[in-house]
Each structure stands twice: as structure tokens, then as C-alpha cells.
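A.B. asks: Give me coordinates for this.
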Amino acid sequence: MQPYKILIVDDDKLLRNSLQKVLSGKYETVIAGSGEAALDILRANGVDLALLDIRLPGIDGVETLRRIRELDRNLAVVMMTAYEDVKTVVHSMKMGATDYLVKPLDIEELEVIIDKAVETIKLKKEVEALRKQYIKDFDIDNIIGESDGIKAAMKLVNTIAKSHDTTVLLEGETGTGKEVLARAIHTRSSRFGKPFVTINCGAISKDLVESELFGYEKGTFTGGLSEGKKGKFEIADGGTLLLDEVSELLPASQVKLLRFLEEKAFYRVGGTDRKRVDVRIVAATNKKLEDAVKEGVFRSDLYYRLNVAKIYLPPLRERREDIIPLIHFFMERFNESFGKNFTGLSREAHEMLLNYHWAGNVRELRNVIERVVLLEEGPLIELEHLAFLPQQEATSQNREKVSEIQIPPTGISLDELSKKLIIQALEMSKGNKSKAAKLLGMSRATLLYRIDKFGIQAPMKQ
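C.D. replies: Residues are numbered from 1 along each chain as shown. Down below sits the predicted model:
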């Protein structure tokens, strides 16, 4: 590992050289005699820590610190001053200085402060490396796409993540990736490295929701833990708490959640000690909370507290341009997992998957590709590999058109209608009788019989 680099900024040449001599055995050092020179060095070279004198010719140390923060908000800066100017030191600390030293410098104190700063730098670098790896491994999953809906959602994620406390409401159908977005917000925020905790409000007993959220004191429940139990709010302290399916909360739990959002404090069930925690709340729901408010099943005041920043995740059927990129992403992932070599889709499979209804959204698509790659052999996903998909879902668009047919007052010929539908199915399948039969929900033998019965000339299979 390369040594940490320290920038020494002081107009006293003798002091600069002395500090460089003391530190060069353990650290890489670079020196500057003014704030302007220090800024030039920082623009050209990366450093890990700066020892910055407050009294400098030209721009002083405080102004230099301000400009350093514009260049690099994470650089550790230790201020040095020959004057015990408390106001200036306090102002520097508020601007982001890591620590300060008073001249004449005590070498032991200098080494202790630098070692402490270096440990902080090391931790920050480890956290940043972990963040980047986490984003690489996880963040892309289920957020692949070029549709306007996904671009808008990700733009909001990046903006919201910059805030520390803003409450977020995620709305979207089941399987659209709401938890993925919640994790992305957490990962890209200053809370990364702290807990990310989830609770599905609709998957636990209504009687246990409050104890799961807020915890309980010992002796509260028969059969409970003898020492009591921390709730999700305490476990998530410092991090992010995802309240999934928040619309399922009972009115009493809604009241307690509202109180927490207002006061950032709560009581354990059966407890009298008020507990404070620092938690960002992300609420997710597959329903429109605004409709739940109108129906009287969700508190309007809680809705407004949750709806500080709302992100809508559109269903997959509304962003069809993302379907094929997602398929290829999952195909590559499961090729690696199962040792397969799928490279793409046949024309028929491409058309079928593109027009499929995807009621389960990205989660369903992922499961479909996983099953095909596991059970079938490549290199292409073929139409017959997808025979397990529900026919009624795969042909939902066609069913919608059929449902629009109205019987005229003069009546209708079923044979003539059947003939037209068979011709249409053959045209859609480009003469592929097996596919046409699937589109019509009949066996291939039945289709062949009716083609012969009605004297239909099927188009040539392409």
C-alpha cells in the first residue's frame, strides 16, 4: 500500500522543512508556502491530508480551507495557528477542518493528531471502496433501462440521496424494484455503512406490528424475550428503515408512526423511557396512498409526512423498451451461474416476450429467464422454451381486442369470425401454425382442421 500523502502549508520555511523532515519517514510529503500554491498543488495532485497554517500571505488559511472544500469536500485538514484564536479555530472546524494544532507545535501531539486523521481517512477509503463495490454488485440489478420512467426515477434517487433525512415514498406495482431503489438511496447517501433495515408491514400479524417497529420491554408479553427486544427503529439507528407495504398499517400504528416522524422519538411497547434515534424513513406501497386516504383507510396527515419526496416506478408493460436489455442482463447472470451459453432470442421468442403482459414485472421476468437458462440449452431462447408461461397473459393484448367485439342486431356468423381470427393469428405468427394455435388457445391439430375446413391459405412461414 502506498504511503499517505500530506500537504504542509506554511509561510515559515524553517517550520515547513522541519515538519517535512519529521513526517517524511512515515508519509509522503509535499510543501507550499501560500494558500494559492497549496490550491495549485491540490488541483494537480491528490493528497490525503493537509496541515494548514491559519496566518498566510495572500489568502489566509480560513479562505484557503473554504476553497479546498470546493475542490475536495473529503480532504482531511488540520489547522495550525500561533495564536489561540478560539473564534477562528471554531469557524474553521465548522467549515470542515478535522482538528487543529497550536504553535509552537508539540511533536508528540502532532503525531497523535495525524495518526488519528489517517485512521479516519483509511476508514473513509474503505467505506468508499465498499460503496463502489456494492453499487457495482447490487445497484444495477433491476434498475437497468433506458425508458423515460426509469430515467426519471433514477434522477430522483440521485437527488434525494444527497439529503440526510428526507422521507421518501416509493409507489409502484409488486415486482417493479421498490426495495432496489430504497437500497440505492441508502447506498448513495451519507448513511451508507450504517444499517439498512426492512419490514414488510403486510406480512406480519397486525397485533405484532408495533412491537416489531418499536420493540418491547421485558415482561410485556407472555412468551416474549426475558430481556425485552429492540424494534426496527432502534436497529436502524443511523441508517435507513424501509417500511414496505406501508398502506397495510392499522390506524393505531399509523398514529405512532406519525408521532415518530414528528418527534424522531418513540416508546417501546410497555415502556416509559422515551428513545430517540436518527433514521431516514423510506415507505413503499403497491397501492396509491392518495386513494387510500380518500377511502378513509389511511391518515391524510401521515400521508403528507411520508410524501415529502415521491418516486413512481412504472410497471414493465409501460416501459417495454427496457424488456430486452433486462433479458440480456439476466441471461448473462444465469449463464455464469449455471454454466450455460445463451446469447440471445429467436425472433418468435423476442416478439412473445416483448408483448407479454408481465403482471409480476421485473421479478417475474427474472424468474422466467432463470428457469429457461437453467432447464434449456442455448444458444437462443426459443418460443417452445416459454411454453410454461400462462397463455392468457401472453395474449392479453389480443384478448383486449377480442373483448371489444360487439354482436350486431342482425347477428353474427361464428364460422366467419373464427375464420378471420385464424387468418389474423397466422399473419401474426408469419405462418407458424404452432404459434398461431397458441395465440388462439387451441391445439395445433384443431387449428389444422379449421384451416382445412375454412379453406384458408396460410402465409408462407418466414
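
A.B. asks: if I look at Arg366, how far off is Leu389?
C.D. replies: 14 Å (C-beta to C-beta, to the nearest Å). C-betas here are computed from N, CA, C, even on glycine.

A.B. asks: and those two? which has more neighbours close in?
C.D. replies: For Arg366 versus Leu389, the count of surrounding residues by other C-beta atoms under 10 Å is larger for Arg366: 20 against 17.

A.B. asks: how close does Ile423 get to Asn307?
C.D. replies: Applying C-beta to C-beta to Ile423 and Asn307 gives a distance of 51 Å.

A.B. asks: next one: Thr240
C.D. replies: 17 Å.

A.B. asks: between these two, which one's more packed in?
C.D. replies: Using other C-beta under 10 Å as the criterion, Thr240 and Asn307 rank with Thr240 on top: 23 against 16.

A.B. asks: Give the residue farthest from the middle of the protein.
C.D. replies: Distance from the centre of the chain peaks at Thr410, with 58.0 Å (C-alpha atoms, centre = their mean).

A.B. asks: Check the secondary structure at Leu421 for me.
C.D. replies: helix (DSSP: H, G, I helix; E, B strand; the rest coil).

A.B. asks: Let me know whether it touches Leu440 as I believe.
C.D. replies: Yes: the pair Leu421 and Leu440 passes the contact test of C-beta atoms under 8 Å, sitting 6.5 Å apart.

A.B. asks: Compare neighbour counts for those two and give me the winner.
C.D. replies: Neighbours were counted for Leu421 and for Leu440 using other C-beta under 10 Å; Leu440 has more, 21 against 18.

A.B. asks: helix or strand for the closest residue to that one other than its chain neighbours, which one?
C.D. replies: Take Leu440 and drop its neighbours on the chain: the residue closest to it by C-beta to C-beta, 6 or more residues apart in numbering is Ala425, 5.1 Å away. Following DSSP states H and E, one finds Ala425 within helix 414-428.

A.B. asks: Run the chain-centre distance for the helix or strand just after that helix.
C.D. replies: Downstream of helix 414-428, the first helix or strand assigned by DSSP H and E is helix 433-440. Relative to the centre of its chain, helix 433-440 is centred 40 Å away, using C-alpha atoms, centre = their mean, to the nearest Å.

A.B. asks: What residues sit buried inside helix 433-440?
C.D. replies: For helix 433-440, a neighbour-count test (16 or more other C-beta atoms under 10 Å) marks Lys433, Lys435, Ala436, Ala437, Lys438, Leu439, Leu440 as buried.

A.B. asks: Ok, stretch 367-377 next?
C.D. replies: Buried, per 16+ other C-beta under 10 Å, within stretch 367-377: Val368, Ile369, Glu370, Val372, Val373.

A.B. asks: what sits up against it?
C.D. replies: Contact partners of stretch 367-377, identified using C-beta atoms under 8 Å, 6 or more residues apart in numbering, comprise 327, 330-331, 334-335, 337-338, 340, 342, 353, 360, 381-382, 385-386, 388-389.

A.B. asks: from these, which would you call buried?
C.D. replies: Buried subset of these (neighbour count, 16+ other C-beta under 10 Å): 327, 330-331, 334, 340, 342, 353, 360, 381-382, 385-386, 389.

A.B. asks: and the residues you listed, which of them are in strands?
C.D. replies: Among the buried ones among the contacts of stretch 367-377, the members falling in strands (DSSP state E) are Ile381.

A.B. asks: Mind putting the buried ones among the contacts of stretch 367-377 into CSV with pLDDT?
C.D. replies: CSV is the format used below for those (pLDDT from 0 to 100):
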residue, pLDDT
Ile327, 93
Phe330, 92
Met331, 92
Phe334, 93
Lys340, 92
Phe342, 94
Leu353, 93
Gly360, 91
Ile381, 94
Glu382, 93
His385, 93
Leu386, 93
Leu389, 89
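
A.B. asks: Quickly name whichever of the buried ones among the contacts of stretch 367-377 is closest to Ile54.
C.D. replies: Among these, Phe330 lies closest to Ile54 (C-beta to C-beta), at 56.9 Å.

A.B. asks: any idea how far Pro195 is from the closest residue to the closest one other than its chain neighbours?
C.D. replies: Of all residues not flanking Phe330 in the chain, Ile369 sits nearest, at 4.1 Å (C-beta to C-beta, 6+ apart). Per C-beta to C-beta, Ile369 is found 32 Å from Pro195.

A.B. asks: rewinding a little: any idea which of the buried residues of helix 433-440 is least confident?
C.D. replies: Lowest pLDDT within the buried residues of helix 433-440 is found at Lys438 (81).
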